[in-house]
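Undergrad: turn this into a structure:
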Amino acid sequence: MTTQPDGATAVTVTPVGVPSARPPAAAASLGMGVSLRSADADAKAQGVFPYTADLWAEGLLWAAVLRSPYPRARIAGIDTTEAEALPGVRAVVTHRDVVEGSTIGRTVADRPPFAADCVRYHGEPVAAVAADHPDTARLAAAAIVVEYEPLEPVTDPEQSFEAEPLHPDGNLIRHIPLRSGDPGTTGDVIVEGLYRIGRQDPAPIGAEAGLAVPRPDGGVEVYTGATDPHTDRDRLADCLGLDTEHVKIYVTGVPGALGDREDLGVLLPLALLAIRTGCPVKLAATREESFLGHAHRHPTMLRYRHHADTDGKLVKVEAELLMDGGAYADDSAEALAAAVSFAAGPYVVPHAVIDGWVVRTNNPPAGHVRGEGAMQVCAAYEGQMDKLAVRLGMDPADLRARNVLGTGDTLPTGQTVTCPAPVAELLQAVREAPLPALPKEGPVEDWLLPGGPEGAGEPGAVRRGVGYALGMVHMLGAEGADEVSTATVKVEGAVATVLCAAVETGQGFTTLARQIVQDVLGLEEVHVASVDTDQPPAGPGCRGRHTWVSGGAVERAAKMVRTQLLQPLAAKFGMSVELLSIADGKITSYDGVLSTTVSEALEGKELWATAQCRPHPTEPLSETGQGDAFVGLAFAAVRAVVDVDIELGSVRVVEMALAQDVGRVLNPDQLRARLEAGVTQGVGAALSEHLRVTRGMVRRPDLAGYALPTALDAPVIRVVKLLEEPDVVAPFGAKSASAAPLVVSPAAVAAAVRAATGRPVNRLPIRPQAAVGTA
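TA: So this is what the prediction gives:
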């Protein structure tokens, strides 16, 4: 290690046995709208891309975290003597080693870095150990003696209202009472329903990991797959009692991020142990530690009452939503805002009475997971639409078509939909798509029955069902969140480099950034620099945020460089910059007089520009749930076709047909991959994914107990329509891609199972007993 002028430590952090990725071959065409390959596609496909778990540093120590075995207990004492005495143990840290009163959390910082006086959920960090071998570290963590006094956990959200406070801030995290129109209005036809949505886990393909390296100036550098590195750095500095310039986070490869990754429950122990020992410290979580350590989707109970007239026009929606936030607040207030705002769905509803609550319990913490809030209510309001169709004797798709939202309509929050809202066209597209062939049209031995080829199902017990669902999501943050991102574009020697702290989480931002610069500057070779917290913040990567604000910042910076490049030429030939164009690396004038290459125009110069992008402001919801809370909206329609074995209750999803409002297709292959991923995750939420928790205890926190859909479970996914109607206020006009199909797919599968069995399906994931028999 050598000390740099700024006090940082030069440490060679290398991947173990992993060769560097080779750049892909040059694309046949460049810019926006083409399927440019990701720069790391080959390395990831070959399994040689270096993630955090692959990193290594000289003198490395290993960390392990001791977690609570109880969902609720007082801590009478913590004795680390035995652990510290084990050979190979270098340090043990607890709550005594962080700044007193410091807290962590992404949106709301309300949890202690380590439990001090009590534990509030199963798996809460209590202490951490650094040792010279990972097994030694785990043995030492197990040797820490914690004197617990177990308490009765509060695990039912309904009981949380009357229970004693579980947290100094109380049990109620947020209540939103939305009132729209005339609350006293009633309809001629009324249907009611009670729905329950389970605890889906983001279950990233790669578990959490991190590597912390101490600096000679007393600071620390952390290498990890963080999705919001600047927020993590700031919280980390607060807990360590350091200035932010003494804490630096380098973002490494992110092995999957359907929610937040590597929060301070991972990063803080590493940083503390690195500073304490003076050595690099690494932690690579096991799958069990991953399940216990990160946030999950909010389990939600929803009571609905829909009012309609005899022609099927919606009159009023009444709803009560109760979300389980777990032990700490995290992103719960934001999830509730989305749930309440979209509780009536993409339909015109003149009157609404919607109450939403999110409360603390002693269950595992819930937080940001793709489509939070919107997914839960979509399953419920679409269930209500199916009930209403049955009551009215109408086709479910016809009923939906009669009530769909459009541009210029108003949400129950009072916000006017100003963006494109082609919900009717999306529904029509999935209705018109050809249906898959029935099994009986082929030989019996070729039937793929519910339960698989070796299942116990009988062809005679199989019923086919077709279901429809519509849904919506918001883009970017909401309720006054300051959504801003900064980017720098540098050009030297016909090579462009983009510097932006937008983390590539699999959403394709780095590829998009390259396409933007290629489009604006006509340069083929574009590199995107790795992310660290020395760069200006770009915010978290969720809800299409980086496509909008970070992509917008890159475009603005590239256009500023373009002006710098073209101005001397324009002045030389006596014309304005607007009369010059760049394409395929060449600069030409409108009249053909000027024709040169970008390389020649640069003449060895280095050009650069920095720009920001900030969308129009939003506002918090009022005391009655009113306000322009969202920057933009995206919509999707899904038709699900399922086969149900009505004797066994097993379900096979035959096909998912998707039509989506995408604004503008920026990268066709990348977009399709995102849509298919969203649908597949939605199918998992509908049929199998549920993290089981009994009396606050997580059961089977592994991939054997948590049933993720595999390639064999994934249905045929047909993208029948991508509706390109650009949102004029969004850079490039593009919209969020993968959240909308995730939100809508579970509701569509549930609708199809209802159609096949005639039975009410009011719980996700769908239990076999809910699909047995017919009504």
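Undergrad: Thr252 and Glu221, how far apart?
TA: 12 Å (Cβ to Cβ, to the nearest Å). Every C-beta, even on glycine, is put in place using the N, C-alpha and C of the backbone.
Undergrad: if you could redo that for Met475, that was the one I meant.
TA: Note on Met475: its distance to Glu221, by Cβ to Cβ, is 33 Å.
Undergrad: quick one, longest helix in this structure?
TA: Scanning the chain for the helix with the most residues, using DSSP state H, yields helix 551-573.
Undergrad: parallel or antiparallel, list what pairs with the helix or strand just after that helix.
TA: As assigned by DSSP states H and E, the chain's next helix or strand after helix 551-573 is strand 580-583. Its sheet considered, strand 580-583 pairs with strand 586-589 (antiparallel) by DSSP bridges.
Undergrad: who touches the partner strand?
TA: Defining contact as Cβ atoms under 8 Å, 6 or more residues apart in numbering, one finds that strand 586-589 is touched by 522, 565-566, 569, 573, 575, 579-581, 594-598, 601.
Undergrad: how about a cut-off of 7 Å?
TA: Residues from elsewhere that reach strand 586-589 (Cβ atoms under 7 Å, 6 or more residues apart in numbering): 522, 566, 569, 573, 575, 579-581, 594-598, 601.
Undergrad: pLDDT below threshold where in the chain?
TA: For the chain, the stretches with pLDDT under 70 are 1-29, 259-260, 262, 439-447, 452-456, 775.
Undergrad: neighbour-wise, which of Thr252 and Glu221 wins?
TA: The neighbour count for Thr252 versus Glu221, taken as other Cβ atoms under 10 Å, is higher for Thr252 (26 against 23).
Undergrad: which residues are in contact with the nearest residue to the more buried one once chain neighbours are set aside?
TA: The spatially closest residue to Thr252, leaving aside those adjacent along the chain, is Thr52, at 4.5 Å (Cβ to Cβ, 6 or more residues apart in numbering). Thr52 is in contact with Ala209, Gly210, Leu211, Tyr223, Thr224, Gly225, Thr252, Gly253, counting by Cβ under 7 Å, 6+ apart.
Undergrad: the first one contacts Ala285, doesn't it?
TA: In this case it means Ala209. Yes: using Cβ atoms under 7 Å, Ala209 is in contact with Ala285, at 6.5 Å.
Undergrad: stretch 488-500: end-to-end distance?
TA: Taking Cα to Cα, to the nearest Å as the measure, stretch 488-500 stretches 7 Å from start to finish.
Undergrad: name the residues that touch it?
TA: Under the criterion Cβ under 7 Å, 6+ apart, residues 485, 487, 513, 517, 521, 523, 525-529, 535, 538, 550, 553-554, 557-558, 561, 598-599, 602, 606-610 lie in contact with stretch 488-500.
Undergrad: in helices only, show me those residues.
TA: Using DSSP H, Ala513, Val517, Leu521, Ala553, Val554, Ala557, Ala558, Val561, Val598, Ser599, Leu602 are the members of the contacts of stretch 488-500 that sit in helices.
Undergrad: may I ask which two of those are separated the most?
TA: Taking Cβ to Cβ, the two most distant members of these are Ala553 and Ser599; they sit 25.7 Å apart.
Undergrad: if you count surrounding residues, which of these two has more?
TA: Ala553 (30 against 14).
Undergrad: that one contacts Thr610, doesn't it?
TA: No: Ala553 is beyond contact range of Thr610, at 8.6 Å (criterion: Cβ under 7 Å).
Undergrad: hey, what's in contact with both of these two?
TA: Thr486.
Undergrad: and Glu192, what element?
TA: Glu192 is part of strand 189-197 when elements are defined by DSSP H and E.
Undergrad: what's the first helix or strand after that strand?
TA: Sequence order places strand 209-214 as the next helix or strand after strand 189-197, per DSSP H and E.
Undergrad: that next one pairs with which strands, and in what direction?
TA: strand 220-224 (antiparallel), strand 281-284 (antiparallel).
Undergrad: out of those strands, flag the one nearest Cys118.
TA: That would be strand 281-284 among the strands paired with strand 209-214, by Cβ to Cβ, at 24.5 Å.
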